[in-house]
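Q: need coordinates for the below:
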Amino acid sequence: MVFWWYNKDMEKSLIKNMKNNKKIFYLFILMFFGLVFGLAGKVEAADYYIAQNAAGSNNATNCANAHSINWLNTTGNWSTGADKVSAGDTVHLCGIISSPLTIQGSGTEGNPITIFLA
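A: Sure, this is the predicted structure:
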């Protein structure tokens, strides 16, 4: 058998705990959405290796597999998305490049596009 009795102090304690739990719940929701929206814009920076002519498997993962300078000079390869030069990325120039280099973007504040001579 269960006995229940009414106690004014217990009611105040329960209401106080519910208010505290509500605050914790709202804090959790704020933290969750802050994390989700804070990370939504973050993308892994990529490294692209560029040579005068395409080399190896032409996947730009290193100088032995570099994209050609023509790939880099193509406007469609400068944007956001997979296999596109974008903010925060690094372009490594491999060997001697005798063709003009046409820069199609500059990145964003704090995430520039960096060009190195490899």
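Q: contacting residues around residue 55?
A: Contact analysis of residue 55 by Cβ atoms under 8 Å, 6 or more residues apart in numbering lists 63-66, 94. The C-beta positions use only the backbone N, C-alpha and C, and glycine is treated the same way.
Q: please repeat the previous calculation with a cut-off of 7 Å.
A: Applying Cβ atoms under 7 Å, 6 or more residues apart in numbering, we find residue 55 in contact with 64-66.
Q: same check, this time on residue 75
A: Contacts were defined as Cβ under 7 Å, 6+ apart; by that measure residue 75 touches residue 104.
Q: mark which of the contacts of residue 55 are buried, thanks.
A: 65-66 (16 or more other Cβ atoms under 10 Å).
Q: mind giving me the domain split of this protein?
A: The chain is divided into the following domains under automatic domain parsing: 7-42, 47-117.
Q: just say which of those is most tucked in.
A: The highest average neighbour count among these, using mean count of other Cβ atoms under 10 Å, belongs to domain 47-117 at a mean of 15.
Q: what's the span of it, first residue to last?
A: Domain 47-117 has its terminal residues 13 Å apart, counting by Cα to Cα, to the nearest Å.
Q: let me see the ranges of the helices in this protein.
A: Applying DSSP state H to the chain gives helices spanning 8-40, 69-72.
Q: mean pLDDT for these: which is lowest?
A: Ranked by mean pLDDT, the helices of the chain end with helix 8-40 at the bottom, a mean of 67.
Q: can you get me the start-to-end distance on stretch 83-94?
A: In terms of Cα to Cα, the two terminal residues of stretch 83-94 are separated by 18 Å.
Q: neighbouring contacts of it?
A: 45-51, 63, 66, 72, 77-80, 105, 107-108, 111, 113-118.
Q: before we move on, the earlier item: in CSV, list the contacts of residue 55 along with distance to residue 9 and pLDDT.
A: Formatted as CSV, the contacts of residue 55 follow (distance: Cβ to Cβ, whole Å; pLDDT from 0 to 100):
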residue, distance to residue 9, pLDDT
64, 76, 97
65, 74, 97
66, 76, 97
